[in-house]
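1. Structural data only, the sequence is not supplied:
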């Protein structure tokens, strides 16, 4: 078992959910914009960069973990997009474009 340190930050969970299927195009765009704003604000307030740098130390472990996560996330995004595209091609998913 490898010893690992974690830095975790969670936004306040107010147990609210959105029924995205009921949204029209403009509402969905607005909702996405609000989500992006909230996420950006949360990241901007995460912590003082000097504190995080001190916590991370001089090791490359964190850098390597972030790179590994990013590559895995990228591969998953490619798989998800291919599944979506296949669903559209085979008529299982309806797609609209402007």
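-> Nice, thanks for sending it over. From a predicted model like this one, the values you see are computed outputs, not experimental measurements.

2. What is the burial count for residue 61?
-> When neighbours are defined as other C-beta atoms under 10 Å, residue 61 has 13 of them. From N, CA and C alone the C-beta is placed, and that goes for glycine too.

3. Same check on the one 4 residues further on?
-> Residue 65 sits with 13 neighbouring residues when counted by other C-beta under 10 Å.

4. for this protein, what's the longest helix?
-> Within the chain, and with DSSP state H defining each element, the longest helix by residue count is helix 61-89.

5. Which strands or helices does it pack on?
-> Packed against helix 61-89 by the contact rule (3 or more C-beta pairs under 8 Å, 6 or more residues apart in numbering; DSSP states H and E) you find no helix or strand.

6. change it to 10 Å
-> Packed against helix 61-89 by the contact rule (3 or more C-beta pairs under 10 Å, 6 or more residues apart in numbering; DSSP states H and E) you find helix 49-56.

7. averaged over its residues, what pLDDT does the helix it packs on have?
-> For helix 49-56, mean pLDDT is 78.

8. That one versus helix 61-89: what angle between them?
-> 100 degrees (axes from the mean of the first three to the mean of the last three C-alpha atoms, to 10 degrees).

9. Lowest-scoring secondary structure element of the protein by mean pLDDT?
-> Counting by mean pLDDT, DSSP states H and E, the chain has its least confident helix or strand at helix 49-56, which shows a mean of 78.

10. Return the list of helices and strands in contact with that one.
-> Applying 3+ C-beta pairs under 10 Å, 6+ apart, one finds that helix 49-56 contacts helix 61-89.

11. before we move on, the earlier item: next one: the longest helix of the chain to chain centre, how far?
-> Centroid separation for helix 61-89 versus its chain: 11 Å, with C-alpha atoms, centre = their mean, to the nearest Å.
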